Structures are given as C-alpha cells and as structure tokens.
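Student: Sequence and predicted structure are below.
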Amino acid sequence: MAHWLIKSEPTKYSWDKFVEEKQTFWDGVRNYTARNNLKAMKKGDEVFFYHSNEGLEIVGIAKVVKEAYQDPTTDDANWVVVDLKPVKKLKKPVTLATIKADVRLEKIALVKLGRLSVCPITDEEWKIILELGETK
C-alpha cells in the first residue's frame with residue numbers, strides 16, 4: 001500500500017465538508033506530475049488531507065476507494081480523478097512549520113515540491129507524521 005498527500009484550501013473544500021459528504025472524487029488537478037500521482041493511486045492507499053493556504057496543516061486521513069478515471073468536470077482526456085473517503089481526523093493537526101522543523105522530514109515532497117497538490121509520502125514519513133499527529 002502506498003501513501004499520498006492531497007491539498008485543499010479549506011475555504012474551497014475543507015476536511016469537515018469532506019467528512020459531511022462521506023466521499024468525493026478528487027478533481028481540479030491540472031498539473032501533469034500531480035495527475036500522474038493520481039493515476040498511480042490504488043484502491044486502499046492511504047492519503048493525508050492537507051489544508052493549504054489557510055491553516056497549512058495535515059488534518060486527516062482518507063482512503064482511495066476508486067482508482068483513476070476521466071475527470072467528469074472536463075472533456076479533456078488528459079485529466080483524471082480518484083474517489084476518496086475520509087477515515088479519521090488526526091488527534092493533533094501537523095502544521096507545515098512542525099514538518100519543516102523535523103529533520104526526519106527534510107526530504108518530504110510537501111516541502112521539496114511545495115506547489116504540487118498531490119504528492120507521494122514514504123512509509124517512514126507516514127509513520128513520523130502519525131507520531132507528530134498523535135494518531136495511530
């Protein structure tokens with residue numbers, strides 16, 4: 001199983017809205033690297049939900065429930081979505097400042113590829129973030 005991180009501005013689509021809806025397709029990705037990451041996601045993969053621009057913190061964990069398919073918001077065949085459902089909220093949100101301050105996370109894609117809206121997370125990074133978020 002792989003691990004990922006997705007970003008959303010909480011004013012556009014928050015963790016709370018995601019939980020309320022119980023499932024969503026992850027659309028609007030218009031970067032080829034992020035798109036390729038969506039295509040690489042497999043059913044059952046775990047995903048951190050990150051509030052970008054406002055909050056700047058990982059707030060929850062989601063799961064991929066349907067693998068990549070044509071983005072229904074566009075006719076352009078270049079773009080895909082995956083279906084996600086919320087699993088649980090982190091006990092303690094993990095801020096970008098906390099991540100940047102932790103030497104164990106110095107290579108995390110969230111920092112190295114800061115503008116990327118969908119990025120991979122290594123197994124070790126996943127464990128560290130769960131530890132920082134006081135979540136099992």
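Tutor: Thanks, I have the structure now.
Student: Which of the helices and strands in this protein ranks last by mean pLDDT?
Tutor: helix 109-112 (a mean of 95; mean pLDDT, DSSP states H and E).
Student: now it: how far from the chain's centre is it?
Tutor: Average the C-alpha atoms of helix 109-112, do the same for its chain, and the two points are 12 Å apart (Cα atoms, centre = their mean, to the nearest Å).
Student: which parts of it are buried?
Tutor: Neighbour counts using 16 or more other Cβ atoms under 10 Å place 109-110 of helix 109-112 among the buried residues. Where you see a C-beta, it was placed from the backbone N, CA and C, and this is true even at glycine.
Student: could I have the helix or strand following it exported to CSV, CA atoms only?
Tutor: The element immediately downstream of helix 109-112 (helix or strand, assigned by DSSP states H and E) is strand 118-121. In CSV, the C-alpha atoms belonging to strand 118-121 read as follows (Å, rounded to 0.1, in the frame of the first residue of the first chain):
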residue,chain,number,x,y,z
VAL,A,118,-0.9,15.6,-5.0
CYS,A,119,2.3,14.1,-3.8
PRO,A,120,3.7,10.8,-2.6
ILE,A,121,4.6,10.2,1.1
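Student: which residues touch strand 118-121?
Tutor: When contacts are defined by Cβ atoms under 8 Å, 6 or more residues apart in numbering, strand 118-121 is touched by residues 2-7, 26, 29, 34-35, 37-38, 40, 48, 108-110, 113, 129.
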